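Asker: Sharing a model prediction with you, sequence too.
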Amino acid sequence: QKEVEQDPGPLSVPEGAIVSLNCTYSNSAFQYFMWYRQYSRKGPELLMYTYSSGNKEDGRFTAQVDKSSKYISLFIRDSQPSDSATYLCAMSVNQGAQKLVFGQGTRLTINP
Amino acid sequence: SQTIHQWPATLVQPVGSPLSLECTVEGTSNPNLYWYRQAAGRGLQLLFYSVGIGQISSEVPQNLSASRPQDRQFILSSKKLLLSDSGFYLCAWRRGGSRGYTFGSGTRLTVV
């Protein structure tokens, strides 16, 4: 079993839709959770960062962490064609951890 | 501001040839440095990380090696490339204790 599972998609939705991206994990010691966005042929860029359980909102993006279910989500409201990218979840045991564990990435396309 | 440079962007190499990928970080000192590989449709696999000059930790045994000859320089090498070494190689840095990583733009390596 992989430490982090993420549906690779692809996921295609119309412009303006609400998008839900999800990851599950098996290591209950994970405390720091991140979402990265990766455009084609580019390096990933940090989108959201959360600690422990709860919600965090940044503009059209909301990250949710449910540690009891070992489940994290990223919601995108009013999706735009520019949101088309691969979204990777990542997590670590502590902030000083030398490595992040990444999900496989979900390829998202927003259709105009 | 801090920037990370990675080159070349694209590389096609024959099986059995050597490899040298270079990554440099500007605008910071004593960064934690990382090499990741991303195979098609798969997540990021950590290859090496370094917390200081000459300090290299290897995550997976393979045909690759890494070196850190200077504080802000990280090099990924191979003496003889294999077909299975093809992939998208990403360098990343993180300031100790900070959140997440900052990735370079990546090198797409194709071994033929």
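Answerer: Happy to help now that I have it.

Asker: and residue 39, what is it in contact with?
Answerer: Let's take chain A. Shown in contact with residue A:39 (CB atoms under 8 Å, 6 or more residues apart in numbering or on different chains): A:85, A:86. To be clear about C-beta, it is placed using only N, CA and C from the backbone, and glycine gets the same treatment.

Asker: oops, chain B please
Answerer: Here residue B:39 is in contact with B:45, B:86, B:87, B:88 (CB under 8 Å, 6+ apart).

Asker: Tell me which two in those residues are the farthest apart.
Answerer: Across the contacts of residue B:39, no pair lies farther apart than B:45 and B:86, at 13.2 Å, counting by CB to CB.

Asker: neighbour count winner among these two?
Answerer: residue B:86 (18 against 15; other CB atoms under 10 Å in any protein chain shown).

Asker: Could you verify my assumption that that one touches residue B:78?
Answerer: No - applying CB atoms under 8 Å, one finds residue B:86 not in contact with residue B:78, separated by 11.8 Å.

Asker: okay, and the common contacts of the two?
Answerer: The overlap between the contact sets of residue B:86 and residue B:78 (CB under 8 Å, 6+ apart) is empty.

Asker: quick one: which of the contacts of residue B:39 is nearest residue A:60?
Answerer: Once CB to CB is applied, the member of the contacts of residue B:39 that ends up nearest residue A:60 is residue B:88, at 27.6 Å.

Asker: Could you find the closest non-adjacent residue to residue 11?
Answerer: In the absence of a named chain, chain A is used. In this structure, residue A:11 finds its nearest non-sequential neighbour in residue A:108, 5.0 Å apart by CB to CB, 6 or more residues apart in numbering or on different chains.

Asker: actually chain B
Answerer: Using CB to CB, 6+ apart, the closest residue to residue B:11 is residue B:109 (5.0 Å).
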